[in-house]
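**Q** Take a look and give me a structure for this.
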Amino acid sequence: MLSIQLGSALSVDLIGAVGPAGTAWLRLSAGALIFLVLARPPLRSVRRHDVPALLGLGLTTGVMTTGFLAAIERIPLGTAVAIEFLGPLTVAAVRSHSLRALAWPALALAGVVLLTEPWHGRIDLAGIGFAGLAAVGWGFYILLTQRIGDRFNGIDALSMTVPVAAAAAAVVGIPQAAGHITPGVLAAAAGLALLLPVLPFALEMLALCRMTPTAFGTLMAVEPAFGVLLGLLVLHQQPSGVQTAGILLVVLAGAAAQRGGRRRPRTSEPTAARPALDPIS
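**A** Residues are numbered from 1 along each chain as shown. Just a heads-up that it's a prediction; the model follows:
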């Protein structure tokens, strides 16, 4: 979470140079190259029914990354993270099969209202819309990552899905970045790719192999707080008292939604890549 939010905060200057989609494309492309150096895509292990999930995860990653970067171009980092967090929190509530659990996304939504302070008339609908797009993407990302993580080793899977994400981001990213790419921009993108997607995506993939979406979503509850903290320290985005209360509501909603913890082990369809996860278990 720290790596994600630090990478997001440090991306603001790059967004100013090549745009949010250009930044997403460059970061994901650099991340794809790193993953391809670290692991050879296990294409021979891919079965026909794996293809939609692999492509879906790659496309989701590209849309989620582009949407979030477009959001932080327009609204404060902490607000964007809080809105994006509604995605995994909703996944956690729905997967709990409890109507009462839906109260927690509703509480988080109340926190988002406090964060955006619409009564001041300065609400940026486009920024909120992009953050909402990232929220939807994050929800699907969790579900698809867990499915792919059950079939492939985390790094091997990322060596297949992150190039797809980079290709998805390229559709808008290349036109946006064209004419603005310099050696300095490429160096910045490569450095930021280590903070996001390389390090956090790899760790998330490994975590989701072992945890329920509910538990994962709950642990992510403190991510909006990280967003506010890094926004304050790096971008000097000072939250008001009302906005601080909003963040606390979002974090409280995430923590209150906690259910269960470690996933029950799957007993069917072992994969050849699975043993590669064992050294860290």
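
**Q** what is the rounded mean pLDDT of the helix or strand containing residue 103?
**A** Here residue 103, judged by DSSP states H and E, is contained in helix 103-116. Taken as a whole, helix 103-116 has an average pLDDT of 87.

**Q** buried residues in the next helix or strand after it?
**A** Once the chain leaves helix 103-116, the next helix or strand it forms, by DSSP H and E, is helix 125-149. Of all the residues in helix 125-149, those buried under the rule 16 or more other CB atoms under 10 Å are 127-128, 130-146, 148-149. Placement of C-beta: from N, CA and C, glycine included.

**Q** do the same with stretch 83-101
**A** Applying 16+ other CB under 10 Å to stretch 83-101 flags 83-93, 95-96, 101 as buried.

**Q** In JSON lines: those residues, plus distance to residue 3 and secondary structure.
**A** Output for those, formatted as JSON lines (distance: CB to CB, whole Å; DSSP: H, G, I helix; E, B strand; the rest coil):
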{"residue": "83", "distance to residue 3": "20", "secondary structure": "helix"}
{"residue": "84", "distance to residue 3": "16", "secondary structure": "helix"}
{"residue": "85", "distance to residue 3": "16", "secondary structure": "helix"}
{"residue": "86", "distance to residue 3": "21", "secondary structure": "helix"}
{"residue": "87", "distance to residue 3": "19", "secondary structure": "helix"}
{"residue": "88", "distance to residue 3": "17", "secondary structure": "helix"}
{"residue": "89", "distance to residue 3": "21", "secondary structure": "helix"}
{"residue": "90", "distance to residue 3": "24", "secondary structure": "helix"}
{"residue": "91", "distance to residue 3": "22", "secondary structure": "helix"}
{"residue": "92", "distance to residue 3": "22", "secondary structure": "helix"}
{"residue": "93", "distance to residue 3": "26", "secondary structure": "helix"}
{"residue": "95", "distance to residue 3": "26", "secondary structure": "helix"}
{"residue": "96", "distance to residue 3": "28", "secondary structure": "coil"}
{"residue": "101", "distance to residue 3": "29", "secondary structure": "helix"}
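
**Q** Report the two of those separated the most.
**A** 83 and 96 (21.3 Å; CB to CB).

**Q** Residue 232 versus the residue nearest the centre of the chain, what's the distance?
**A** Centroid-nearest residue in the chain, with CA atoms, centre = their mean: residue 138, separated by 5.4 Å. Between residue 138 and residue 232 the computed distance is 23 Å (CB to CB, to the nearest Å).

**Q** Per-residue confidence at residue 153, what does it come out as?
**A** So residue 153 comes in at 79 (pLDDT).

**Q** Look up how far residue 104 lies from it.
**A** Residue 153 is 33 Å from residue 104, by CB to CB.

**Q** Same question for residue 59.
**A** 28 Å.

**Q** So if I had to pick from the two, which one is more boxed in?
**A** Neighbours were counted for residue 59 and for residue 104 using other CB atoms under 10 Å; residue 104 has more, 25 against 19.

**Q** I figured that one hits residue 251, correct?
**A** No: here residue 104 does not reach residue 251: they are 11.2 Å apart, not a contact under CB atoms under 8 Å.

**Q** For this protein, which segments count as helices?
**A** In the chain, the helices defined using DSSP state H lie at 2-10, 12-38, 51-72, 77-95, 103-116, 125-149, 154-177, 183-193, 199-208, 213-219, 223-235, 241-256.

**Q** Spatially nearest residue to residue 173, not counting backbone neighbours?
**A** Counting by CB to CB, 6 or more residues apart in numbering, residue 173 lies nearest to residue 25, which is 2.6 Å off, once chain neighbours are set aside.

**Q** Is that neighbour in contact with residue 175, as I believe?
**A** No: the pair residue 25 and residue 175 fails to qualify as a contact (CB under 8 Å) at a distance of 9.8 Å.

**Q** These two: which has the busier surroundings?
**A** The residue with more neighbours, out of residue 25 and residue 175, is residue 25; 29 against 13, by other CB under 10 Å.
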